[in-house]
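Chemist: Sequence first, then the predicted structure, then my questions.
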Amino acid sequence: MNTAEPVDVALIGGGVMSATLGALITKLQPDWSIAVYERLSDVALESSNPWNNAGTGHSALCELNYTPQRPDGSIDISSAVKVNEQFQISRQFWSSLVNDGVLPDPTAFINPVPHMSFVWGESNVAYLRARFDALADHPLFSGMEYSEDAEVIRSWVPSMIPGRAKNQPIAATRIDVGTDVDFGALTRGLFSYVTGNGGSLKTETSVTSLKQERSGLWRLGLRDEVGTTRSTVHARFVFVGAGGGALSLLQKSGIPEIRGFGGFPVSGQFLRTDKPEVVAQHSAKVYGKAAVGSPPMSVPHLDTRVVDGEASLMFGPYAGFSPKFLKTGSLLDLFLSIRPHNIIPMLTVAKDNLDLTWYLVKQVAASKKAKFDALREFVPRADPADWYQITAGQRVQVIKKDAEKGAVLQFGTEVVAASDGTIAGLLGASPGASTAVPIMLTVLERCFPDHIAEWTPAITAMIPSYGTLLSDDATRAKTTLRSTESALSIA
């Protein structure tokens, strides 16, 4: 029997979500004990690893899927504004930690990289022009430029114009305040703060079971992945931030709130180059427009990445399929996630998303030449010898019940929390890491409602816009953006 004192907070998973929640709680309630459990040999080796994601500070500056066109031709910017607001919350929190010396070198995890949208074809040019008109005067998108002039666009991204047909209609938007984020470095910095203030971190430790006892405490079964020894620990609150492994753990917990949820895994591949002369010709994250009928995850983009101080380029994504829920997971993950309560939602989603299935089939079957031709739509003179393929992290899209459709495949994130607030977990993927701070604030609000009032002054000191919208006040938005840009050295 384990008679040790229960930990106040158990964080399962060593990614950016657990790191963010741990840092927030360390700031707000420094007397609480925190224990982190990660099954791999170090933190940030799955989705938070910089080469397992695109590193885009998702603020909807360039991602066209956040600004759909309505039937009347107008542009709906509501999702773009929401995502941008969320990212500003993350930036304010990071800035506060930099100012406090918690994250002493912001360039270790965030760097200025212009964000661009680029399209070709008359209809897409008309769309991008309408999108620019809809966003240009918004305070969170101030400074966005638009051009249909090949020479102007060439001055922005030199490698994307040479070799392109001169009569091809093209257009681009550009905004200087975009960023590239190394979420691996950020995660390690946040965990260093947590462990430096009394928190414990156990790597190579798997959580094999979750059970709530009559006392309300959670009993976690642990397995040492090196020595295969087993132990238990009790916790007053549990957060499951295990990425693709969260669904299985929440199912093991037995909380009724997880009933009906399922997951659909999608793997991703990118083309990457580290060749200095190629990298020097492109300094931006450039997002295109997904082909008609393609899912949001298929939006092609050519990204500057800055990892460990070195710049590279990455193009993709090329979707694939694996039944694994984690890059280092099991081929049985998808099948083991099936329960009586989620069979119907999963079958309903399968029936309603045949286009996604066909898209994945085509992506898996695509030849190397077809994949490289997609890159050449961005960089016409790209040389295959300069690029190599990498496999990114697994994304597990949320399947959930829906009152109207029966079930839906959700291309976002979902916080699942028990009614008593003693356990919560995060399902889903994009925009994910970029919005880690507002997502974890949601966890705090839902699971610790009795503490929010006392925590609010401290939260507001770190995140001045907490509980408000920057977009409601242009002056305040401008001041806040400039303040975070200065603190993070991205001005």
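Modeler: Cool, the structure landed.

Chemist: can you give me the helices for the stretch 251-400 of the chain?
Modeler: 276-279, 333-336, 343-352, 354-365, 368-376 (DSSP state H, counting those that start in this stretch).

Chemist: Buried residues of the third one, list them for me.
Modeler: So the one you mean is helix 343-352. 345-346, 348-349 (16 or more other Cβ atoms under 10 Å). Every residue, glycine included, has its C-beta placed from N, CA and C.

Chemist: what angle sits between that helix and helix 354-365?
Modeler: Counting by axes from the mean of the first three to the mean of the last three Cα atoms, to 10 degrees, helix 343-352 lies at 70 degrees to helix 354-365.

Chemist: where does Q397 land on pLDDT?
Modeler: What the model reports for Q397 is a pLDDT of 89.

Chemist: just checking, it touches L427?
Modeler: No - counting by Cβ atoms under 8 Å, L427 is not a contact partner of Q397; they are 9.0 Å apart.

Chemist: between the two, what contacts are shared?
Modeler: G263 (Cβ atoms under 8 Å, 6 or more residues apart in numbering).

Chemist: Between the two ends of stretch 333-344, how far is it?
Modeler: From its first residue to its last, stretch 333-344 covers 18 Å (Cα to Cα, to the nearest Å).

Chemist: and it, average pLDDT?
Modeler: 94.

Chemist: Return the set of buried residues in that stretch.
Modeler: 333-334, 337, 342.

Chemist: Greatest separation within the buried residues of helix 343-352: which pair is it?
Modeler: Using Cβ to Cβ, the buried residues of helix 343-352 span at most 7.2 Å, a distance reached by M346 and T348.

Chemist: where do the contact lists of those two overlap?
Modeler: A407.

Chemist: Just say helix, strand or coil for A424.
Modeler: strand (DSSP: H, G, I helix; E, B strand; the rest coil).

Chemist: correct me, but it touches A418?
Modeler: Yes - if you go by Cβ under 8 Å, A424 and A418 touch, sitting 7.1 Å apart.

Chemist: Tell me if I am right that I89 is in a strand.
Modeler: No - applying three-state DSSP, one finds I89 to be helix, outside a strand.

Chemist: Does it touch T460 like I think?
Modeler: No - counting by Cβ under 8 Å, I89 stays clear of T460, with 11.5 Å between them.

Chemist: So these two - more neighbours on which side?
Modeler: Legend: neighbour count by other Cβ atoms under 10 Å for I89 and T460, higher for I89 (22 against 13).

Chemist: The nearest residue to that one once chain neighbours are set aside: neighbour count?
Modeler: With sequence-adjacent residues excluded and distances taken as Cβ to Cβ, 6 or more residues apart in numbering, I89 is closest to P438, at 4.6 Å. Using other Cβ under 10 Å, P438 has 20 neighbouring residues.

Chemist: Tell me how far P438 lies from W387.
Modeler: To W387, P438 is 35 Å away according to Cβ to Cβ, to the nearest Å.

Chemist: Quick check: buried residues in the lowest-mean-pLDDT helix or strand in the chain?
Modeler: Across the helices and strands of the chain, mean pLDDT, DSSP states H and E gives its lowest value to helix 354-365, namely a mean of 79. For helix 354-365, burial by neighbour count (16+ other Cβ under 10 Å) applies to 356, 359-360, 363.

Chemist: Helix or strand: which one has A407?
Modeler: Assigned by DSSP states H and E, A407 belongs to strand 406-410.

Chemist: Next SSE downstream of that strand?
Modeler: strand 413-417.

Chemist: Now that following strand: average pLDDT?
Modeler: Per-residue scores along strand 413-417 average to 94.

Chemist: Then stretch 249-259?
Modeler: Mean predicted lDDT for stretch 249-259 stands at 97.

Chemist: For that stretch, C-alpha coordinates in CSV please.
Modeler: Only the C-alpha atoms of stretch 249-259 are listed here, as CSV (Å, rounded to 0.1, in the frame of the first residue of the first chain):
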residue,chain,number,x,y,z
LEU,A,249,-6.0,7.3,-20.6
LEU,A,250,-9.3,9.2,-20.3
GLN,A,251,-11.1,6.0,-21.3
LYS,A,252,-9.3,4.2,-18.5
SER,A,253,-10.4,6.8,-16.0
GLY,A,254,-14.0,5.8,-16.5
ILE,A,255,-15.3,9.4,-16.4
PRO,A,256,-18.7,9.6,-18.2
GLU,A,257,-17.6,12.8,-20.0
ILE,A,258,-15.4,10.7,-22.3
ARG,A,259,-18.2,8.5,-23.6
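
Chemist: Make 878 the starting number, not 1.
Modeler: All right, first residue 878 from here; so that's stretch 1126-1136.

Chemist: sorry, back to before: shared neighbours, I966 and T1337?
Modeler: In contact with both I966 and T1337: Y1343, using Cβ under 8 Å, 6+ apart.

Chemist: residue boundaries of the strands in the stretch 1028-1177 of the chain?
Modeler: Using DSSP state E, counting those that start in this stretch, the strands of the stretch 1028-1177 of the chain run over 1047-1052, 1056-1058, 1077-1079, 1082-1089, 1095-1101, 1107-1117, 1139-1150, 1162-1164.

Chemist: A1007 belongs to a helix?
Modeler: Yes - judged by three-state DSSP, A1007 forms part of a helix.

Chemist: In PDB, list the C-alpha atoms belonging to stretch 1322-1332.
Modeler: Provided in PDB are the C-alpha atoms of stretch 1322-1332 (Å, rounded to 0.1, in the frame of the first residue of the first chain):
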ATOM      1  CA  GLU A1322     -11.500  27.800 -15.000                       C
ATOM      2  CA  ARG A1323     -13.400  24.500 -15.400                       C
ATOM      3  CA  CYS A1324     -11.600  22.500 -12.800                       C
ATOM      4  CA  PHE A1325     -10.800  25.100 -10.100                       C
ATOM      5  CA  PRO A1326     -13.800  27.500 -10.100                       C
ATOM      6  CA  ASP A1327     -13.400  28.200  -6.400                       C
ATOM      7  CA  HIS A1328      -9.800  29.500  -7.000                       C
ATOM      8  CA  ILE A1329     -10.400  31.600 -10.100                       C
ATOM      9  CA  ALA A1330     -11.400  34.800  -8.200                       C
ATOM     10  CA  GLU A1331      -8.300  34.700  -6.100                       C
ATOM     11  CA  TRP A1332      -6.100  33.900  -9.000                       C
END
